[in-house]
Each structure stands twice: as C-alpha cells, then as structure tokens.
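K.L.:
need a structure here:
(chains A, B, C and D)
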Number of protein chains: 2
Amino acid sequence: MKTTESIDLQKASQIFKLLGDKTRLTMMKLLESHDCCVCEFVAIFKMSQPAISQHLRKLRDIELVKEERRGQWIFYSINQEHEDYPLISSVLKHLPDQGSSIEKLEAQGLRICCE
Amino acid sequence: MKTTESIDLQKASQIFKLLGDKTRLTMMKLLESHDCCVCEFVAIFKMSQPAISQHLRKLRDIELVKEERRGQWIFYSINQEHEDYPLISSVLKHLPDQGSSIEKLEAQGLRICCE
DNA sequence: GTATCATATAATTATATGCTTATATATACA
DNA sequence: TGTATATATAAGCATATAATTATATGATAC
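P.N.:
Numbers count the residues shown, from 1 in each chain, chains lettered A, B, ... in the order given. The predicted structure follows:
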C-alpha cells in the first residue's frame, strides 16, 4: 500500500533520469522563476532549436512542465500541479539561482515579453 | 573561467543521473536506514553480483556511498560527509520506506549481521 | 599452503540517449 | 492569399549505459 507523501520509486527514478541532464536541469531551475519560450532557451544554451525542443518534449511528456501559446511564441512553465511537485520544488531549492542567464538575455535584447 | 554555479549544476546533474536508475535509487533509500553488504543487495534486487557491484561502484565513484570491510563482507553506507548530502537527504525523504525489503531478507535468513 | 566465499573488474553486447539535418506544422503579417 | 517566424517531429548516427559472462582479487577456514 502506498502512502500519499511518498512517490513510487519507478516514477521517481524516471524523474531523476530527466533531471540527470545538465541542460534539462538548468531549464527546470530557470523555469522555477521565469516562464521561458523555446527561442530563449536556444539563446541561453546556444544549442540548436530541435535539440531544445526535444529536451522540452521529454520534460512535457512526464508533465514536469506545461506549455502555453502566447502570440507567436510557446512558453513553458513548471507544472505546479504535478503529483510530485513537492519533490521537484525541494530539489530546485538546492540549486544555484540562474537569474543571471535571464539578465544576460535581456542585455542582449533577446528576452521575449508578451504582456 | 567557470562560475561556481555552473559547477554546481554540473555536479547536481551527475548526481541525478545516478539516481535516475531505479536500482541505484532504491539502494540509496535502503542505505538511508540500514548499511548493506553486496550479497544483501544481490538478494534484494535478484540481480547478478557483478551488476550490483557496478551500480555500487558508480555511487562510490562520486562518493555518494562509502564502503567498509566487516569480516568477510564489505558494507556500504551513505556518505553523510558528501558536500551535497543535504540535497541527497531531502530527496530520499520523499521516497517510500524500504524497510519491508530488509524484513523480507531477515525472514529468509539472508540478513548479514556483523556485531 | 589450498580451497572457499565475497567482491571487483574486464570484455562484450544490446539498448538508450542526445545530437544533427531535413522536413512539417502552425501562427503572424504583408 | 503568400511568406516569414516559431516550434515540432522524424530519421540517422555516435556515444553512453546497463546487463551478461568470464576472470581476478582478497579475506577466511581448513
């Protein structure tokens, strides 16, 4: 019988497998404080757009993130309704803030804003 | 020049890559409450001894666990001195207790005790 | 010493992963 | 409309991973 607080080990290991990639882990930390669109990730990570899309797809497949269209862009954000969000959140709190990446984007005029 | 931040995320993703395997994640949760020797893991996971040894080696390589010989057995335990132990510990707290595996071992007379 | 038990390592193999390039889709805008 | 922009998907390839089998090491028991 399962308790509500603890997570199935199978599921947890799947989550960690995804977080076990530096790009995806950094994405999650960035998303903790800012929604981001695909082209922002492309600029931040200096990786190809398909590579970024494929990482995001993996995160979306297990619903760690959700997507939302805003104008011509698709923004990604953390799915705080995920069953295991408490685990995710506590993990992210241990990681270094990535605000400087966003600031650098803004300095380069690459930050997308849809307000 | 590397910032300390990038080193941390690099290290964190390495840790999660190791925790992203169900066997190793379960090992860590087991070790949270009981030191275990290799043959106990072999019995618990019903996997070959070399497979178990190789998992333990990976955990040991980044010093998540430490080993100690006791009589003819080598016991593994969590390395609480690891720089990122607070992260590891908080992760493990979200996972379901594995005490029943140990109890089952004892019931089968396979629990090793070196006191 | 020699045999045995517990564990580690090496070589091999099958599968998984992450990137690339090429192409598809879907919205925006002229 | 038609074209540009943003993103997704597919196929292919190189590397990484996790298992297996075979063998080595190292402590203990006789």
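K.L.:
quick one: contacts of the helix or strand harbouring residue A:67?
P.N.:
In the assignment (DSSP states H and E), residue A:67 maps to strand A:65-70. Strand A:65-70 is contacted from outside by A:27-28, A:31, A:37, A:56, A:59-60, A:74-79, A:114, using Cβ atoms under 8 Å, 6 or more residues apart in numbering or on different chains. C-beta: built from backbone N, CA, C; applies to glycine.
K.L.:
Next step: those restricted to strands.
P.N.:
The members of those that map onto strands under DSSP state E are A:37, A:74, A:75, A:76, A:77, A:78.
K.L.:
ok, those residues vs chain B, which is closest?
P.N.:
In terms of Cβ to the nearest Cβ, no member of these lies closer to chain B than residue A:78, at 16.4 Å.
K.L.:
which ones are touching the residue positioned nearest the centre of chain A?
P.N.:
For chain A, residue A:28 is the residue whose C-alpha lies nearest the centre (Cα atoms, centre = their mean; 3.0 Å). Going by Cβ under 8 Å, 6+ apart, residue A:28 touches A:19, A:59, A:64, A:65, A:78, A:88, A:92.
K.L.:
how about these in TSV, adding pLDDT?
P.N.:
Conversion of the contacts of residue A:28 to TSV gives the following (pLDDT from 0 to 100):
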residue	pLDDT
A:19	98
A:59	98
A:64	98
A:65	98
A:78	98
A:88	97
A:92	96
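K.L.:
which bits of chain A sit near DNA strand C?
P.N.:
A:17, A:20-21, A:23, A:47-48, A:50-51, A:54-55, A:58, A:69, A:71-72 (Cβ under 7 Å from any atom of the strand).
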